[in-house]
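Colleague: this one's structure only:
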């Protein structure tokens, strides 16, 4: 089950973050690629781990929802 912040992140148009885009495609089951068989929670955890210290990602998250927040089990602050 995804939190409200995770759903907001997956619905946001964050083109500069390909791992978030892949998780979003898996969540939406786009049907055009191999993302349909990806574990969305694992994809979110991997993306959050990679981007947690990226100031551009943190600012994008701050604009979408209040921080600090858990995304994929990773604290974004």
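Modeller: Nice, I can see it. None of these values were measured; they are calculated from a predicted model.
Colleague: okay, buried residues for the helix or strand where residue 23 lies please.
Modeller: Counting by DSSP states H and E, the secondary-structure element that holds residue 23 is helix 18-28. Neighbour-count burial for helix 18-28, with 16 or more other CB atoms under 10 Å as criterion, is recorded at 19, 20, 21, 22, 23, 24, 25, 26, 27. (Each C-beta comes from the backbone N, C-alpha and C, glycine too.)
Colleague: now do it: distance to the chain's middle.
Modeller: For helix 18-28, the distance from its own C-alpha centre to the chain's C-alpha centre is 7 Å (CA atoms, centre = their mean, to the nearest Å).
Colleague: now do stretch 42-55
Modeller: With CA atoms, centre = their mean, you get 7 Å for stretch 42-55.
Colleague: what do you get for stretch 70-77?
Modeller: Mean C-alpha position of stretch 70-77 versus that of the full chain (CA atoms, centre = their mean) differs by 10 Å.
Colleague: is it true that residue 52 touches residue 72?
Modeller: No - using CB atoms under 8 Å, residue 52 and residue 72 do not qualify as a contacting pair, with a distance of 9.7 Å.
Colleague: and these two? Which one has more around it.
Modeller: With other CB atoms under 10 Å as the criterion, residue 52 and residue 72 differ in neighbour count, and residue 72 comes out ahead with 21 against 16.
Colleague: wait, what's in contact with the more buried one?
Modeller: Under the criterion of CB atoms under 8 Å, 6 or more residues apart in numbering, the contact partners of residue 72 comprise 6, 41, 42, 43, 44, 45, 46, 47, 48, 49.
Colleague: got phi/psi on it?
Modeller: phi 60, psi 30 (degrees, to the nearest 10).
Colleague: just the strands in the chain please.
Modeller: Assigned by DSSP state E, the chain shows strands spanning 69-71, 74-76.
Colleague: would you list the ones you listed in CSV and tack on mean neighbour count and mean pLDDT?
Modeller: Conversion of these to CSV gives the following (neighbours: other CB atoms under 10 Å; pLDDT from 0 to 100):
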stretch, mean neighbour count, mean pLDDT
strand 69-71, 19, 94
strand 74-76, 16, 95
